[in-house]
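Undergrad: Quick one, what's the 3D model for this:
(chains A, B and C)
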Amino acid sequence: MNERTLLRDNVADIAAYFAAGGWRPLKKALSMGRAAVIAEVTASGLRGRGGAGFPTGRKWSFVPQDAQGPRYLVCNADEGEPGAFKDRELLRRNPQAVLEGMAIAGYAIGASLGYIYIRGEFSAEAEFLTAAITAARAKGFLGANILGSGFDFDIHLHRGAGAYICGEETALLSSIEGLRGQPRLKPPFPAVKGLFGAPTVVNNAETLAAVPSILERGAAWYASTGSPDSPGTKLFCVSGAVNRPGVYELPLGVPFRELLETHCGGMKDGRKLKAVLPGGASSPALTAAEAMAVNMDYASLAAAGSMLGSGAVIVIEEGRCMVELLGVLARFYRHESCGQCAPCREGCAWADKLLAGLEAGRGRPSDVETLRSCAAAMTGRTICPLADSLALPALSFISKFRAEFDAHAAGRTCRAAGGGRLA
Amino acid sequence: MPRLTIDGRPVEVKEGATILEAAGLLGITIPRFCHHPALPPAGSCRMCVVEIEGSPKLATSCSTPAAEGMKVSTSSPAVKAARRDVLEFLLLNHPLDCPICDQAGECSLQDYYMEHSCAKSRFPAELKEPRQKRRLIGPHLVLDNERCVLCTRCVRFCDEVTRTSELFVSGRSDASFIDIREGKALDNGYSLNLADICPVGALTSREFRFRQRAWFLEKTPVTCLGCATGCRAEAHHAGGEIYRMVPAPGAENAWLCDRGRLTYRPLRAGDRLKKGFIKNGYIDLEPAVREAAARLAGEPGAAVLGSPWLSVEDNAALAALARALGTGNYCFSFTAESGIKDGILVNKDPAPNTAGAAEAAPTGGLDLGELNRRIAAGEIKALITEARAAAFIKGRLPDGFKLIVFATNRSEIPAGAYATLPYASYFETPGTFVNYQGRRGVTGPVVPPPEGVPPLAETAAALAAALKGDGA
Amino acid sequence: MISVRKVNNRPLNFLERIYLVEIARGLAVTARHFFANLLGRRSLTVPYPERRIPAAGNSASRTRHRLKARPDGSPRCVACFLCQTACPARCIAIEAAEYPGNPVEKYPASFSVDLSRCVMCGMCVEACPEDAIAMDTGELPGGAASRQELRLDKEDLLRRVPGETPARGAANRLAEGPGGER
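TA: As a prediction, this is how the structure comes out:
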């Protein structure tokens, strides 16, 4: 059933949200007790929607029961991945669900303060969110002694400053602390030692927005939706040469073919599908044939050699140069690398230079192999997965579209004289 | 006490020890750039990665605690490939500076490349990113951003050891570079340790710059005589000249303060005394000794003042001189407040041998107050001591007072000194020193003294002999 | 069967026994050469060291050292000390100094080669990373009247030979700038 729990219509306003049943799940949670809430979310099988897909309930259970001092709940709304715009849509259309999810999560882990780390460029959404928080406070759903339960929880909105790396949870925490936004060594994990040294849980906005419906309808219901290893619905944001790009909330496990043809209306202007990045700019590419055979959930995409990631689906049509596209990715990741570890810092820059050379027809025949080995040398070798985010797509592009790379290395460019890069 | 296996060899370590430390106990040195035993871990260079059985990814041994039952390999093909790759990445933009870089011969990049890589470069030299070179930061250091591998040891040192935070990483990605905070200067009194800990030639010592190549240097353990802490150090020298001092490997003190590190400088300074100095003229040592002996014998109430800057042996020689003079006007006891005053190494007592000097005259003699009183009252008209100890004489010297000092450099000679005798420093002759904790040890010799400059004890003995010869 | 050769071992006659004829014949050879040299005919030897025979242009032999110069006249040498280290006879002595403004930073304040110790092995040329020292002057070292003359210092060593094309060394690219010599 294509029931939407996240992108519901007309619930942006708090009165409408409340009228539609909103903020009752929080009340229910407050009466269940913390352990029961965690158990419920764990049983539902909800997995993190930010990209890693880690079981949410389990993450909450990592916070030590007997830890002294404050705990923090952080909502990661730093949607920085190229191709991802699903959280923005969620924050516009259903912010109250995010706030309610935060409150429930905060209650579960014993936090009394939550942070929303919102991407700096989302200035309009930040304003909107601020208003939503104020409204929730006014109604007594946030603040001290919520609904008379004795539970205090308030939310502080923190705007980012334009670094993609601050979407990584430990870099995000460093950024909130006012330090240089670069990832920290793990262990210790944030659940044990996070924001300001206190136990902290960082969840994606979409993950938190799914929590109220789980409390409302029960873990069993949630687990029965979607697919066995990936229950629930997911926000898929589709971009590329399709007739109806946009954000779609669909059960996990929906076949890609259905997503493309039924919901997005198929390829635009009769173009042919060439490749798909199913999980945003950090996911390995699938050829058209592979994509048409795959279902959009964690297991199926992993089995196909790619990943669901954040659900940002980038559709690539025939005629699009894969070398140029990889160059766009490389330039992005080079710019956004924090620079801490040698493989990422030097590898992203090297890949960018190699691809710039290849695109412009200045490449040498050995450059393709050099690029491939550079990407392989970056994989799995770094503090955070940013290096993998460039390396894995690069390896997949080179392996599946080798001919294009070799053609460029032989001096033939796709564009007219001068080569060049997409703006 | 977790027990684990590294390269097939078992080892037991303390709780919380890292794999890198555990390997060190087995004599396995894992290559690394960002790790330093005295600094918090960064885990960013990725050079120290090892393979842990059961783990899909390579782990950084500097930041992974050793766990019971772990099976670690430091030499598997995956680990070797990872090291080659890290070296390739670091060498991409590294400038071809080896011929002019002072770090040559003791550079981690050079050494690890020869041991773990030797791969040909795949990156054209024209595409190497140019950065700022030869930046003079602080009074002692030169920073070269092109050579830097961003291991951040320097940043962590300034943050954690001196807590002065002058350095930081500026910029992001491959445009990152080490910079100094606006309005700050890198002169926290320990800045030369950065030249030691920088694994490449990005931070180098201005003092050492271009003067010698590392592979020509011989290393001799010494004790720093800059204060009562008596840090263990190592003097690096070649051809009879000392070029630098570093903390002794394995010493309790992981660092040296800048002032102590440069205590070898006066040895070859332009004003090094090779002859005696009387009034304003140089005179040969032998006539200087005769003149000094004549003054001590001639003036009534000659006195001998020991020095906490002199070794136990040289103080004993001065005590023997006092006996030869047959005088009770001697003082070898100095009181000084001791203890670390800056939380790191520098001692409140600026003299290295306050405890040791007292050994020369455990009983008898005057204290400083009485000595000063007798000088002021005119009962003492001549005094022999070491140049820095002359500062213990308070107030103006009375007219006609004959102050005879032993000094190594002309700049040391106190105002009003009548005669100065040169002596070999403790880099040039051995000396026993007792630090503020009572730890005693012999330091020196490292290099030969200038021609014709004897150890102080020898000159003191010559003075004593000259006095006996006079029939005093 | 051993082959046998009969040797005519006749005794010397009177003239041969007194040897004067042989002496005269030998003296005649000497006198012939003497007068030929004296009267200016080309001889095999030259009065060395005032005149020296240059080595053939394509000779690969190692001859007197020189320090190569950059276009602006400064030595290519950056005082890396590799030649001093490599020299098996310990005949090179260098003191380094710093250029305050020049991007190359390091140069030899003094550079001396002691030809009386040098074994002409060429290790210095092989070791140099900047192609700064060469043994291609074609001049044979030695033949000096004093030991001082055999100690070549920087001024003696720094020169060009016609038609040289130096290779680019690592640090010298900074002096030469992007795109070649400046």
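Undergrad: give me the number of residues near A:F405?
TA: 23 (other Cβ atoms under 10 Å in any protein chain shown). C-beta: built from backbone N, CA, C; applies to glycine.
Undergrad: which residues are contacting the helix or strand containing B:T385?
TA: B:T385 is part of strand B:382-386 when elements are defined by DSSP states H and E. Strand B:382-386 is contacted from outside by B:292, B:295-296, B:298-299, B:301-307, B:309-310, B:314, B:318, B:321, B:375, B:393, B:401-407, B:456, B:463, using Cβ atoms under 8 Å, 6 or more residues apart in numbering or on different chains.
Undergrad: Filter these down to the ones in strands?
TA: Those of those mapping onto strands are B:302-305, B:402-407, per DSSP state E.
Undergrad: Please identify which of these is nearest to B:F33.
TA: The closest of these to B:F33 turns out to be B:A407 (Cβ to Cβ; 45.0 Å).
Undergrad: what's the burial count for that closest one?
TA: Neighbours around B:A407, by other Cβ under 10 Å: 23.
Undergrad: Need the nearest residue in space to it, chain neighbours excluded.
TA: B:A387 (3.8 Å; Cβ to Cβ, 6 or more residues apart in numbering or on different chains).
Undergrad: you'd agree the one you found is up against B:I413?
TA: Yes: between B:A387 and B:I413 there is a contact under Cβ atoms under 8 Å: 5.9 Å.
Undergrad: Between those two, which contacts overlap?
TA: B:405, B:407, B:420.
Undergrad: from those, which is closest to chain A?
TA: B:A407 (51.1 Å; Cβ to the nearest Cβ).
Undergrad: ok so, going back, may I see the buried residues of the strand holding B:T385?
TA: Applying a neighbour-count criterion of 16 or more other Cβ atoms under 10 Å in any protein chain shown, one finds B:382-386 buried in strand B:382-386.
Undergrad: Could you tell me which residues of the stretch 201-350 of chain B lie near chain C?
TA: B:209-211, B:213, B:215-216 (Cβ under 8 Å from any Cβ of the partner chain).
Undergrad: Please go through the chain and pick out the longest helix.
TA: Chain wasn't specified; assuming chain A. helix A:342-359 (DSSP state H).
Undergrad: Chain C, not that one
TA: Max-length helix for chain C by DSSP H is helix C:20-38.
Undergrad: just checking, what packs against it?
TA: If you count contacts as 3 or more Cβ pairs under 8 Å, 6 or more residues apart in numbering or on different chains; DSSP states H and E, helix C:20-38 packs onto no helix or strand.
Undergrad: Using PDB, write out every CA atom in that helix.
TA: Below are the C-alpha coordinates for helix C:20-38, written out as PDB (Å, rounded to 0.1, in the frame of the first residue of the first chain):
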ATOM      1  CA  LEU C  20     133.200   0.500 -30.100                       C
ATOM      2  CA  VAL C  21     131.300   0.100 -33.400                       C
ATOM      3  CA  GLU C  22     128.100  -0.800 -31.600                       C
ATOM      4  CA  ILE C  23     128.500   2.200 -29.300                       C
ATOM      5  CA  ALA C  24     129.000   4.500 -32.300                       C
ATOM      6  CA  ARG C  25     125.900   3.100 -34.000                       C
ATOM      7  CA  GLY C  26     123.800   3.700 -30.800                       C
ATOM      8  CA  LEU C  27     125.200   7.200 -30.400                       C
ATOM      9  CA  ALA C  28     124.300   7.900 -34.000                       C
ATOM     10  CA  VAL C  29     120.600   7.000 -33.300                       C
ATOM     11  CA  THR C  30     120.600   9.300 -30.300                       C
ATOM     12  CA  ALA C  31     122.400  12.100 -32.100                       C
ATOM     13  CA  ARG C  32     119.900  11.800 -35.000                       C
ATOM     14  CA  HIS C  33     117.000  12.300 -32.600                       C
ATOM     15  CA  PHE C  34     118.800  15.000 -30.600                       C
ATOM     16  CA  PHE C  35     119.400  17.200 -33.700                       C
ATOM     17  CA  ALA C  36     115.900  16.500 -35.000                       C
ATOM     18  CA  ASN C  37     114.400  17.800 -31.800                       C
ATOM     19  CA  LEU C  38     116.800  20.600 -31.400                       C
END
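Undergrad: Report how many residues lie close to whichever residue of the stretch 251-400 of chain B sits closest to chain A.
TA: Residue of the stretch 251-400 of chain B nearest chain A, by Cβ to the nearest Cβ: B:A254 (22.1 Å). Applying other Cβ under 10 Å, we find 18 other residues in the vicinity of B:A254.
Undergrad: Also the one 5 residues further on?
TA: Counted with other Cβ under 10 Å, residues neighbouring B:R259 total 15.
Undergrad: A:K186 now?
TA: 15.
Undergrad: now do A:G265
TA: 12.
Undergrad: Find the helix or strand that it is a member of.
TA: Judged by DSSP H and E, A:G265 forms part of no helix or strand.
Undergrad: For it, give its distance to A:A241.
TA: As judged by Cβ to Cβ, to the nearest Å, A:G265 and A:A241 stand 11 Å apart.
Undergrad: ok, which stretches of the stretch 351-472 of chain B are strands?
TA: According to DSSP state E, counting those that start in this stretch, the stretch 351-472 of chain B carries its strands in the segments B:382-386, B:402-407, B:417-422, B:431-434, B:440-443.
Undergrad: these two touch, right, A:R58 and A:T42?
TA: Yes: using Cβ under 8 Å, A:R58 is in contact with A:T42, at 6.1 Å.
Undergrad: what is A:M296 paired to in the beta sheet?
TA: A:V254 (DSSP bridges).
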